[in-house]
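# what follows is a predicted protein model with its sequence.
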Amino acid sequence: MVWRIALTRPAMLGALLALSACSDAPDMAIIPAASFEMGETVDYGYGDIDGPRHTVEIAHPFALAKTEVTVGQFRTFVHQTGYVSEGLCNIYTDDQSWHLDPSRNWEHPGFAQDEDHPVVCVSWEDTQAFTSWLSDKTGKPYRLPSEAEWEYVASLGGIEGDDDIVGHDEANIGLVDCCGGKTEGQDQWIETAPVASFPADRFGIHDMRGNVWEWQADCHQETYDDAPIDGTARTECDTPDRRSIRGGSYGDAGDYLSPRYRLPGPQSQGYFTVGFRVAHDIE
């Protein structure tokens, strides 16, 4: 692993001050440029989809939100723009697997949320509307992180406990045997927890694992064959309407929390376990 910090200390301070200049802007952390090994050919029970392992060169620092976008932040966006989400939210219940529930949406996910909880039941398309609005408000090019950026931060963030796994003292997670929330240790939430309820990683980022899955910028491809190696998002796929999701949620544990674990989701639909965080390039 080679880190090459591309910002001097005064420049980094200036960038951080600029990030906080707008009250609508999320609190951001500066992530240094680096090379790292991405992917690993692992059979998670449905085939080897996470290889081949390859070197990614993230050439420039970037900014990543310290927390997932909250209900309150998304509500501000909706109130200021009049945006209406399609509200296609997938859920599961004890007697039915994943299915669309027309009564669920980001305001009514099926469980209680305060304004500081991560917003869920938002589609990838909703995230694009949010980042476009935030970019217009702040003058900065907000976007979703790429899979490479996300995996880099999650892999090297170092939130694992003494047993080298992410447990209930490190994140809001669920049952190892799948599925559903569980309270234990510092984890006192069956569903979503307020963002930053658990310690930050070494980059200053909260909840990269657990709480909610996070939409990625990339269209989803089963392998990394021909994937970008410069840290940018993959934009050409066999199924461009399916986007990658990472990180696990309040209802997941075990392999789901691996920094390398990834799932596809239809970009026009949301899930009651999926939210997002934002990023932008450092100019």
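Happy to help now that I have it.

# could you say what helices and strands the helix or strand containing residue 35 packs with?
Remark: residue 35 resides in strand 33-38, with elements defined by DSSP states H and E. The elements that strand 33-38 packs onto, with contact taken as 3 or more C-beta pairs under 8 Å, 6 or more residues apart in numbering; DSSP states H and E, are strand 2-4, strand 54-58, helix 147-156. (Each C-beta comes from the backbone N, C-alpha and C, glycine too.)

# from the ones you listed, which stretch is densest packed?
Of all those, helix 147-156 carries the top mean neighbour count, a mean of 24, counting by mean count of other C-beta atoms under 10 Å.

# how far off strand 54-58 does it point, in degrees?
100 degrees (axes from the mean of the first three to the mean of the last three C-alpha atoms, to 10 degrees).

# just the C-alphas of whichever helix or strand comes after helix 147-156, formatted as PDB.
As assigned by DSSP H and E, the chain's next helix or strand after helix 147-156 is strand 213-219. What follows is strand 213-219, C-alpha atoms only, in PDB (Å, rounded to 0.1, in the frame of the first residue of the first chain):
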ATOM      1  CA  TRP A 213     -26.000   0.100   2.300                       C
ATOM      2  CA  GLU A 214     -24.700   2.900   0.000                       C
ATOM      3  CA  TRP A 215     -25.300   3.500  -3.700                       C
ATOM      4  CA  GLN A 216     -22.200   3.800  -5.800                       C
ATOM      5  CA  ALA A 217     -21.600   5.800  -8.900                       C
ATOM      6  CA  ASP A 218     -20.700   2.700 -11.000                       C
ATOM      7  CA  CYS A 219     -23.000   0.600 -13.200                       C
END
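
# what are the pairing partners of strand 213-219, and which direction each?
Within its sheet, strand 213-219 is paired with strand 242-246 (antiparallel), strand 274-275 (parallel), according to DSSP bridges.

# chain center to that strand: distance?
7 Å (C-alpha atoms, centre = their mean, to the nearest Å).

# give me the contacts around stretch 197-204.
Stretch 197-204 has contacts (C-beta atoms under 8 Å, 6 or more residues apart in numbering) with 29, 31, 64, 66, 153, 156-159, 169-172, 186-187, 189, 206-208, 210.

# report the buried members of these.
Buried by 16 or more other C-beta atoms under 10 Å: 29, 31, 64, 66, 153, 156-157, 159, 170-172, 186-187, 189, 206-208, 210, out of these.

# if we can go back for a sec, between the strands paired with strand 213-219, which one is closest to residue 227.
Nearest of those to residue 227, taken as C-beta to C-beta: strand 242-246 at 11.0 Å.

# got the angle for the helix or strand that the closest one is followed by vs strand 242-246?
As assigned by DSSP H and E, the chain's next helix or strand after strand 242-246 is strand 262-266. Counting by the same axes, to 10 degrees, strand 262-266 lies at 140 degrees to strand 242-246.

# pairing partners for strand 262-266, with directions?
strand 242-246 (antiparallel).

# follow-up on the earlier one: weakest of the helices and strands packed on strand 33-38 in terms of mean pLDDT?
Summarising mean pLDDT across the helices and strands packed on strand 33-38, the least confident stretch is strand 2-4, with a mean of 35.

# with adjacent residues omitted, what lies nearest to residue 26?
residue 65 (4.2 Å; C-beta to C-beta, 6 or more residues apart in numbering).

# need the per-residue pLDDT for the one you found.
Note on residue 65: pLDDT of 98.
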